[in-house]
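[1] A predicted structure for the sequence below; I have some questions about it.
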Amino acid sequence: MKFQTQKIAYYFFAVSMLLLSLQIVYGFIMATAHAGYDVLHQIIPFNAARATHVNLLVVWLLSGFMGAAYYIIPEEVNKELIYPKLAYVQLIALVIVGVIAIAGFHVNWWEGRKFLEIPRTLDYFVVIDVLLFIFLIGGTILKGQRYTTTSLVLFFGLFFAALLYLPGMIDTDNQTLDSFWRWWVVHLWVEGVWELILGAILAFLLIKLTGVDREVLEKWLYVIIGLTFLAGILGTGHHYYFIGTPKYWLIVGAIFSAMEPLAFLGMTIYAFIMVSKGQRNHPNKIALLWTLGCSLNAFLGAGLLGFAHTLPLVNIHTHGTLITAMHGHLAFWGAYASIVLAIISYTLPIMTGKKIYNYSYSKYAFWLSNIGMIGMVIFFGIAGVLQVYMERRMGLDFFIVREELSFFFKLLICCALIFASGIYTYVYSFIKAGLPVSSLSSTDE
Amino acid sequence: MLSKSSAVKFFLIGTSLSVLCFFLLSYDTLKQIPAQTNEQNLNSSAIRGKHIWENNNCMGCHTIFGEGAYYAPELTKVYERRSEAFLKIFLKDPQKFYPGKRKMVNYNFSDSEIGDIISFFKWIKDVDLNGFPLKPSIITSNTQSVSTSLSNIKNVDKPKIFEQLCMTCHTLNGQGGSIGPNLDNIGDIRDKNYLKQWLNDPYSLKKDSLMPKLPLTVENINELVDFLIQNKSGDK
């Protein structure tokens, strides 16, 4: 750790770990309900569990991205963070807003719009909190000693993520318009600017772990984010097929979203080539494992499984079925959850001085969670295909179909147990590493 | 080999062109949405319905326009599929229906709120969704054979109320739900008086009846009984 203020990242990561642990609990509540045992219905009905599951994901990823930024930016621009005390204020405010939102979901206080369930009153606090964060990061870059591509890409990713939260706050009485604006936030986040954040963190990790020349890495970073935007921005059209928007989106959405896997394929090839070219033998093999796992699963989940149902001819059958859940799980796991877990794996030993990458269970955490997730995705896929055939193609009664599907959710729960054991092992290693220490060193290890 | 400056150029030009196209298409879309969604029919009741839909996070279980969660039925065409009569009764106390199956939360909607939700569904069903949802294309074979063997012994036509309410749970001639018993041979096992009393109040005949008491009029009951009683097995 080169700068004192970098250790602020630790506290953001700790919040991420806590929320991730809780997110999985809510996942189990939903899966058991799908499997036919909706035992918590009176206390936590499915819609509350779902809103909580999804929003915990968003908040722990954002907290992870913010932590990553607080770690990466000072190191990249060679300058301590400005107003470090405000960074703690920003974290505490984020946690308070998050806790109120989650509690609200359990007492029917929300804005029932998929992924943007946080009530409008709290939206304003989210905006203020993120503005403070952008100010701290942006100010540090401006005062910094050098501009690097990695730090700029990270900054603009976070900046536009904040900006794109605003269309979600446009009031409308028309359900179609409502959906139209909602996807400006959700799609342009996850298939747009969040990929800048992903790309920047990935580039930072590859620079540190492989020792490949920064110029080469950053050049290809431009190509990848260029491809991302070229495909992703007009690819928003794949959400505008069947919601009451004009027909031309069927063509525009199909062509551009079909190109989206290219960006992810590029990212995977980039990561693997850089690692094979790298001369540096960095001892933190666990961080490397998560980095490569991230790029591969991002391609499989976001790229390949996304492509599988993005064309209108397929999507008219699969739209609004568990096929979407299949794609969503591996995409978020690969592209975003894994990159946060990778940056934590890399930074934690540096911040705490504990070489957790030498513990054997760090490796189990990676393999168990990945194998578990792949298994869950397979059963989401099987349930999704059966749902499409029985419910959509044959028009069978809802309850007949759901009883057939419940068996696959039982299998899914088995995989989820493997996944959860991996994640909780990871959280255990995080706790084991202890609190950050204050000693500074000039090397990266 | 590609230089860094040309990589930057590729990024900047590609991104600006994409953003420009996206803004132009979005501008056009915003202009076309009112016509495609029949915004002139979006009355104040339907708007209130939309906000009820949102404030209770209905999308947290259901889908509408195929968007939402996959735990409860898709509702874009629910107004056509289930009818206003059914929705009115169902929303009053959702937990009365579908015994032993997954439950909807009872939100204790008032009659006017139920009216608003129904207006919302009525507007939703007419939005032009570019062909979504498709009609089921695979027809199960037993559906057809059963309906042909029984269809020629009917004198009384199927009352509308039967399709609106009863078929949600019961199957007749291979069509309908699977919650309650099949009604194909109901005429063999029940007589007119029994059916009348049952439809008037199932609990008067069976205390722990799984079928709820439905708000049926005397005319409803009479036409249902006349229709049901003729469903006897084909051999007789």
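    In hand now; what should we look at? Numbers count the residues shown, from 1 in each chain, chains lettered A, B, ... in the order given.
[2] need the three-state assignment for B:Leu183.
    coil (DSSP: H, G, I helix; E, B strand; the rest coil).
[3] can you get me a residue count around it?
    20 (other CB atoms under 10 Å in any protein chain shown). Placement of C-beta: from N, CA and C, glycine included.
[4] from chain A, how far out is it?
    15 Å (CB to the nearest CB, to the nearest Å).
[5] same thing with B:Tyr194?
    27 Å.
[6] the one helix or strand that residue maps to: which residues count as buried?
    For B:Tyr194, the element it lies in under DSSP states H and E is helix B:192-200. By 16 or more other CB atoms under 10 Å in any protein chain shown, the buried positions in helix B:192-200 come out as B:Leu195, B:Trp198, B:Leu199.
[7] for residue 198, which non-adjacent residue is closest in space?
    The chain I'm using is chain A. A:Ile339 (5.3 Å; CB to CB, 6 or more residues apart in numbering or on different chains).
[8] switch to chain B, that's the one I care about
    Sequence neighbours aside, B:Leu205 is the residue nearest to B:Trp198 in space, at 5.6 Å (criterion: CB to CB, 6+ apart).
[9] and the gap between that neighbour and B:Leu199?
    Separation of B:Leu205 from B:Leu199 (CB to CB, to the nearest Å): 10 Å.
[10] domains of chain B?
    Following automatic domain parsing, one gets these domains for chain B: B:19-124, B:141-229.
[11] among these, which is nearest A:Gly353?
    Nearest of the domains of chain B to A:Gly353, taken as CB to CB: domain B:19-124 at 44.1 Å.
[12] and the closest one, how far out from the chain middle?
    From the chain centre to the centre of domain B:19-124 is a distance of 11 Å (CA atoms, centre = their mean, to the nearest Å).
[13] so how far is the first residue of that domain from its last?
    One end of domain B:19-124 to the other measures 31 Å (CA to CA, to the nearest Å).
[14] which helix or strand contains the residue of the stretch 51-200 of chain A at minimum distance from chain B?
    Closest approach between the stretch 51-200 of chain A and chain B, counting by CB to the nearest CB: A:Gly112, at 3.2 Å. Secondary structure assignment for A:Gly112, by DSSP H and E: no helix or strand.
[15] residues contacting it?
    A:Asn47, B:Trp53, B:Glu54, B:Asn55, B:Asn56, B:Asn57, B:Cys58, B:Met59, B:Gly60 (CB atoms under 8 Å, 6 or more residues apart in numbering or on different chains).
[16] what is the burial count for the fifth one?
    Which is B:Asn56. B:Asn56, neighbours per other CB under 10 Å, totals 18.
[17] circling back: the residue nearest to A:Leu198: neighbouring residues, count only.
    Counted with other CB under 10 Å, the neighbours of A:Ile339 add up to 28.
[18] show me the contacts for it.
    A:Leu198, A:Ile201, A:Leu202, A:Trp290, A:Thr291, A:Cys294.
[19] in what helix or strand does whichever residue of chain A sits closest to chain B lie?
    Using CB to the nearest CB, the closest approach of chain A to chain B is made by A:Asn47 at 2.4 Å. A:Asn47 belongs to helix A:46-77 when elements are defined using DSSP H and E.
[20] pull out the buried residues from the following helix or strand past that helix.
    Remark: after helix A:46-77, the chain's next helix or strand is helix A:84-105, criterion DSSP H and E. Using 16+ other CB under 10 Å as the test for burial, helix A:84-105 gives A:84, A:87, A:90-91, A:93-95, A:97-98, A:101-102, A:104-105.
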